[in-house]
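**Student:** need coordinates for the following:
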Amino acid sequence: MIKIAPSILSADYAALGSAVEMLDEWNADYVHLDVMDGAFVPNITFGAPMCKALRKHSNLIFDAHMMVENPAQWAAAFKDAGADIMTIHIEADRHAHRTLNYIRSLGMKAGIALNPATSPSAVEYLLDSCDMVLVMTVNPGFGGQKFIAEAADKVRKIRQMLDARGLYDVDIEVDGGVNIETAKVCRDNGANILVAGNAVFSSDDPKRTIELLRG
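**Tutor:** Below is the predicted model:
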């Protein structure tokens, strides 16, 4: 089953509560929260207090994508703020195995993310410790970028790695440049969670767009 996780990075920052409420009406599955610290990526967005403030506006799954250095230090705060999934970057954590297990111990699902230049082999020995692998299909830091076509092969290889280990319940999420056309490429290569920002929030009919992204 394909799930859609609209990124509020592309929503109106002056009305994020209303934007999150609309995702329920549009039949989205997740609320994707792009957390950036200005160190791991060249941008700053928001932290746990914003997650907590938005939590009361929706019962959807809150998917916190931590584009930050030393993500373990923020895990407890995001758990308390209502996050359901916390995804860390392999490039940002020297002790990713420990952090993934710590996130799980708090009662959240744990995800591991890879930048476009990072090989799938970098997460091979973490697959048993995570609930989701997030493949970045743009270089992280800003919304509205063009989908990097080569990343589709990475999705396929990670799906093969998961299947070889019998890890059929581990999700593959893609994030970056996802629209109706690139969503099909992602689905065909084994992704089952699609993050879409501009494609949803700039659409004249977001509910229909989400249906089309789902395929």
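
**Student:** where do the helices of this protein begin and end?
**Tutor:** Listed in chain order, the helices of the chain (DSSP state H) span 16-25, 48-55, 75-81, 96-105, 151-164, 180-188, 198-201, 206-214.

**Student:** quick one: the ones you listed as JSON lines, columns for distance to Ala117 too.
**Tutor:** The C-beta positions use only the backbone N, C-alpha and C, and glycine is treated the same way. Shown next, in JSON lines, are the helices of the chain (distance: least, Cβ to Cβ, whole Å):
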{"stretch": "helix 16-25", "distance to Ala117": "31"}
{"stretch": "helix 48-55", "distance to Ala117": "28"}
{"stretch": "helix 75-81", "distance to Ala117": "26"}
{"stretch": "helix 96-105", "distance to Ala117": "17"}
{"stretch": "helix 151-164", "distance to Ala117": "10"}
{"stretch": "helix 180-188", "distance to Ala117": "19"}
{"stretch": "helix 198-201", "distance to Ala117": "23"}
{"stretch": "helix 206-214", "distance to Ala117": "26"}
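
**Student:** next up, the contacts around the most centrally placed residue in the chain.
**Tutor:** Taking Cα atoms, centre = their mean, the centroid of the chain lies closest to His65, which sits 5.2 Å from it. Residues near His65 by Cβ atoms under 8 Å, 6 or more residues apart in numbering: 32-35, 87, 111, 113, 134, 175, 195.

**Student:** beta partners for it?
**Tutor:** When bridges are called by DSSP bridges, His65 pairs up with Asp34, Thr87.

**Student:** separation between it and His89?
**Tutor:** For His65, the distance to His89 equals 9 Å [Cβ to Cβ, to the nearest Å].

**Student:** so where's the protein uncertain?
**Tutor:** Flagging of the chain using pLDDT under 70 yields the residue ranges 141-144.

**Student:** go with 90
**Tutor:** Within the chain, the ranges that satisfy pLDDT under 90 run 42, 139-150.

**Student:** ok, how many other residues are close to Asp63?
**Tutor:** For Asp63, the count of nearby residues is 28 (other Cβ atoms under 10 Å).
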